[in-house]
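1. Give the three-dimensional model of this entry:
(chains A and B)
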Amino acid sequence: MLPALSVNGLSASYQKNKVLDDVNFDVNPGTLTSIVGPNGAGKSTLLKVMLDLHPKLSGSVSYFDSTYYKVKSRVGYVPQRGSVDWDFPTNALDVVMMGLYGQIGWLRWPKRIHREKAMNALDKMGMADYAGRQISQLSGGQQQRVFLARALVQDADLYFLDEPLAGVDAATERAIMDTLKTLKSNGRTVMVVHHDLQTVEDYFDHVLLLNRTVVANGSTNEIFTKENIFRTYGGSLRWMGEKSG
Amino acid sequence: MSYTGWILLTASLVGLSCGFIGVLLILRRMAMMADAISHTVLIGIVVAFLVTRELGGVHMLIGAIAAGLLTAVLVQWFHSRGVQQEASIGVVFTTLFAVGVVLIATEVGNVHLDVKHTLMGEITFIPWEKIELPWVGAIPEAVFILFLVLLVVLVTILAFYKEWKITSFDPALAASLGIPVLLMHYVFMSLVSVTTVAAFDAVGAIMVVAMLITPAAAAYLWTDRLSIMLLLSGSFGVLSAIMGYYIAAWLDTSISGSMAFSTGIVFMISFLCSPKHGILAKSIRPSMSA
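-> Predicted structure coming up:
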């Protein structure tokens, strides 16, 4: 089977510190993978480098046996919720429609069909009633659902999500995980930066343990062992264990 | 058209262009860049004058675009090499502005171009510096240029409306959708530059910052929709310009100063009275502010 994503010898630095060093891994299509590692392990940077939003020092990334620029429309990205200004003058429906801007193309305005697609995606995330709501008037969980709806309208084959479960309520966490599992069962490939070690086994069938370089990568059953987790977190694991929830 | 008519038209065109551009400046959190570019276009104007030996409108626009882009590129360059964004802006614009001042004082000598004029503008002379156009007849050159710039600003904003929206709100998503974020940044910096230089004659480098930032900041307080914010900001720009002219006539004082002051008044009224974010609305309905 051809991998959906293949990363070879990838290195990158962030403000003169090398945060990724010789990262190698493959991801098979139709998998739901969590990227797990301590703070500063380079998880978000890895996503940004793979999406060419952050420069790499060396290495290569291939998507569906092709280059990123040839398959860009098949790759969806959900940035961290905190990366945008939620006071921006726009509403939930409009944010979801932004996911379609690439498909709509230059010099064209969104049409009714795009609005319907966006409404449909909001509805799937249980947010149809909030379509006209200014985005700063939404709770953190609702904002994250809007981001997920925006990813859904992109109709991508491979999704990267950066901490989609950070700071959301239990209902939103369930809604998001249901959505990701549905994507997976439809043959889509999903990679999620995740911080809660306790839910990894329940939520993800694959795991990529990362600390500047890949510590282990594979199916959760085989890879997500105490020993590997300890190798990934080193001394900081005790601190993680003290965290509640 | 009467003398007052031309002045009011000039001021309104400045208010409209600056109002539209200002919305994007604020939403892209680049108010400081407006301040920077309003100063560095000076060097563009001076160099354009040194090369062509005339203070023609088109040369000035080209010089201004070059200077604005140079500013944007230098700021980006220093920032990407570890200088803080704000420090980078401060260093680049003061240095380029200083070069402009030095050049004026030595080379350009006694020509019409002087520091006070570029900083404060002189709208009172505008109606007399006319050019002859086919079909339209004799109109002030500043009005013609401002009209062209407004047209360019309007067409660029409307044609790429959704791209401006997404690159302002979520540049990472925009880039991942294949929208050239950096190119749009430089196009926008060019728009800021031409708007600034076109507004120069009317209000000068310092006041143009007020026209760029304040009406947009006021509009932001009234609405949650980008399209309405653009309309309001343009309207506030025109309102301030006209109000400023009459305040200046009434008090017999600086027109550009009065216009900038008027933008401040519009902002204060918005700050107190806007239904969503205003101080009064919040004190009447404290539950809404939560």
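
2. can you pull the contacts of the closest residue to residue B:128 other than its chain neighbours?
-> Nearest non-adjacent residue to residue B:128, counting by C-beta to C-beta, 6 or more residues apart in numbering or on different chains: residue B:140, 7.6 Å away. For every residue, glycine as well, the C-beta is placed using N, CA and C. Residue B:140 is in contact with B:6, B:10, B:126-131, counting by C-beta atoms under 8 Å, 6 or more residues apart in numbering or on different chains.

3. how about residue B:140, phi and psi?
-> phi -60, psi 140 (degrees, to the nearest 10).

4. Can you show me the strands along chain A?
-> A:5-14, A:17-27, A:32-36, A:58-63, A:75-78, A:158-162, A:189-193, A:206-211, A:213-219 (DSSP state E).

5. packing partners for the last one?
-> Under the contact criterion of 3 or more C-beta pairs under 8 Å, 6 or more residues apart in numbering or on different chains; DSSP states H and E, strand A:213-219 touches strand A:17-27, strand A:206-211, helix A:226-233.

6. okay, now residue B:41: neighbour count?
-> Burial of residue B:41 is recorded as 32 neighbouring residues (other C-beta atoms under 10 Å in any protein chain shown).

7. sorry, back to before: just the buried members of the contacts of residue B:140?
-> Buried residues within those, defined by neighbour count using 16 or more other C-beta atoms under 10 Å in any protein chain shown: B:6, B:10, B:126-127, B:130.

8. Close to chain A: what parts of the stretch 151-290 of chain B are there?
-> For the stretch 151-290 of chain B, the residues in contact with chain A (C-beta under 8 Å from any C-beta of the partner chain) are B:159-163, B:165-166, B:168-170, B:172-179, B:220, B:223-226, B:228-229.

9. go again using 6 Å as the cut-off
-> B:159, B:162, B:166, B:169-170, B:172, B:175-178, B:224-226, B:229 (C-beta under 6 Å from any C-beta of the partner chain).

10. thinking again about what came up before, of the strands of chain A, which approaches residue B:36 most closely?
-> When the strands of chain A are compared by C-beta to C-beta, strand A:5-14 sits nearest residue B:36, at 26.7 Å.

11. how about the helices of the stretch 101-250 of chain B, start to end?
-> Here the stretch 101-250 of chain B has its helices, by DSSP state H, counting those that start in this stretch, at B:115-120, B:141-159, B:161-169, B:171-176, B:181-220, B:226-251.

12. Now these in TSV, please, with extra columns for mean pLDDT.
-> As requested, those are arranged in TSV below (pLDDT from 0 to 100):
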stretch	mean pLDDT
helix B:115-120	65
helix B:141-159	94
helix B:161-169	97
helix B:171-176	93
helix B:181-220	89
helix B:226-251	96
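
13. Can you say which of these is packed in most?
-> Neighbour counts (mean count of other C-beta atoms under 10 Å in any protein chain shown) averaged over each of the helices of the stretch 101-250 of chain B peak at helix B:181-220, with a mean of 25.

14. isn't residue A:207 right up against residue A:221?
-> No. If you go by C-beta atoms under 6 Å, residue A:207 and residue A:221 don't touch, sitting 9.6 Å apart.

15. Which one's more surrounded, the two?
-> residue A:207 (28 against 11).

16. Distance check, that one against residue A:102.
-> Note on residue A:207: its distance to residue A:102, by C-beta to C-beta, to the nearest Å, is 30 Å.

17. Phi and psi next, for the residue in the stretch 151-290 of chain B that chain A sits nearest to.
-> The minimum distance from the stretch 151-290 of chain B to chain A, using C-beta to the nearest C-beta, falls at residue B:177 (3.5 Å). Note on residue B:177: its backbone torsions stand at phi -90, psi 0 [degrees, to the nearest 10].

18. What of residue B:221?
-> Dihedral angles (degrees, to the nearest 10) for residue B:221: phi -80, psi -20.

19. and if you look at residue B:254?
-> The phi and psi values for residue B:254, taken as degrees, to the nearest 10, are phi -60, psi 130.

20. Excluding sequence neighbours, find me the nearest residue to it.
-> Excluding its sequence neighbours, the residue lying closest to residue B:254 (C-beta to C-beta, 6+ apart) is residue B:248, at 6.4 Å.

21. Do I have it right that that neighbour meets residue B:255?
-> Yes. Shown here, residue B:248 and residue B:255 form a contact pair, counting by C-beta under 6 Å, at 4.3 Å.

22. Give me the pLDDT value at whichever residue of chain A sits closest to chain B.
-> The minimum distance from chain A to chain B, using C-beta to the nearest C-beta, falls at residue A:102 (3.5 Å). pLDDT, residue A:102: 91.

23. neighbours around it, how many?
-> For residue A:102, the tally of surrounding residues (other C-beta under 10 Å) stands at 17.

24. separation between it and residue B:250?
-> Distance from residue A:102 to residue B:250, counting by C-beta to C-beta: 53 Å.

25. what's the answer for residue B:145, then?
-> Distance of residue B:145 to residue B:250, computed by C-beta to C-beta: 29 Å.

26. quick one on the thing from earlier: tell me the bridge partners for the residue nearest to residue B:128.
-> For residue B:140, the beta-bridge partners are residue B:130 (DSSP bridges).

27. How much space separates the residue of chain A positioned farthest from its centre from residue B:181?
-> The outermost residue of chain A relative to its centre, with distances by C-alpha atoms, centre = their mean, is residue A:107 at 29.4 Å. Counting by C-beta to C-beta, the separation of residue A:107 from residue B:181 is 18 Å.
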